[in-house]
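[1] I'd like to go over a predicted model; first the sequence, then the structure.
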Amino acid sequence: MQIAALYYKKVYGHVYDKYTNQPIPGVTVNAFNNSTTTNSEGYYSIDGFSSGLASLIGFTKSGYEQKIDTIYGFDVKHDAYLTPILTTKAKITSIDAPSTFKPNKYVSIKATVKNVGKVSGKIFCRIRDTDADKIIGSAQYKTLSAGESYTFGWQIQINKTTAFHGKIEAGHEAVEL
């Protein structure tokens with residue numbers, strides 16, 4: 001006859017948003033056949049019995065991807081970072097760029113991007129050389145609240161003597177230059 005040993009375990013910690021590092025209240029935490037909810041500071045503590053040294057702990061909250069971690073030990077501090085299901089949407093609302101480029105001269109390019117999504121989120125904006133399929137200048141990032149706009153700007157040098165084909169990309173949207 002085989003008897004399984006049961007171990008008393010406790011796990012506690014905070015749950016944070018992966019991108020903002022802000023604590024997340026109201027997350028359901030499941031472990032040891034028990035559940036609890038994070039408080040206003042994103043803190044949780046849960047205990048119970050488990051039959052092994054390793055245990056699974058799950059985190060769920062509407063608007064975030066579900067997360068399952070493995071914890072080891074009996075009295076464990078375990079912070080978790082949940083990935084938001086982003087409904088941030090970038091829309092390019094205006095572009096200020098010259099219609100012609102002179103080789104080896106710097107040009108100023110600006111693009112105004114609006115977050116037309118329902119939540120705050122990090123928006124990127126970049127210029128892509130479509131002939132070479134590479135980013136020129138550097139990608140820029142800005143966290144925008146829902147409905148907020150921001151103008152990104154670059155000083156770039158085009159080293160081509162032939163036509164330049166490019167596009168400005170923001171989030172999932174791209175607009176041809």
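    Okay, I see it.

[2] just read off the phi/psi values of Ile123.
    phi -110, psi 140 (degrees, to the nearest 10).

[3] need the pLDDT of it.
    Ile123 carries a pLDDT value of 85.

[4] name the nearest residue to it, ignoring sequence neighbours.
    Excluding the flanking residues, the one nearest Ile123 by Cβ to Cβ, 6 or more residues apart in numbering is Ala90, at 4.7 Å. Heads up, the C-betas are built off the backbone N, CA and C, glycines and all.

[5] where does the protein have low pLDDT?
    Low-confidence segments of the chain, defined by pLDDT under 70: 1-5, 86-88, 160-164, 172-177.

[6] pick out the residue nearest the middle of this structure.
    Tyr19 (4.7 Å; Cα atoms, centre = their mean).

[7] about what we covered before: distance of the residue nearest to Ile123 relative to Gly153?
    Counting by Cβ to Cβ, to the nearest Å, the separation of Ala90 from Gly153 is 16 Å.

[8] name the residue in the two with the higher neighbour count.
    Ala90 (23 against 13; other Cβ atoms under 10 Å).

[9] these two touch, right, Glu148 and Lys114?
    Yes: Glu148 is within contact range of Lys114, at 7.2 Å (criterion: Cβ atoms under 8 Å).

[10] of those two, who's got more company?
    Higher neighbour count among Glu148 and Lys114: Lys114, with 19 against 14, using other Cβ under 10 Å.

[11] quick one: residues contacting the more buried one.
    Lys114 is in contact with 90-91, 93, 144, 147-149, counting by Cβ atoms under 8 Å, 6 or more residues apart in numbering.

[12] which residue sits closest to Lys61 in space, ignoring its chain neighbours?
    Val27 (4.4 Å).

[13] Ile109 bridge partners, please.
    Trp154 (DSSP bridges).

[14] what's the neighbour count on it?
    By other Cβ under 10 Å, neighbour count at Ile109 equals 20.

[15] distance of the residue nearest to Lys61 relative to Ser120?
    Val27 is 18 Å from Ser120, by Cβ to Cβ.
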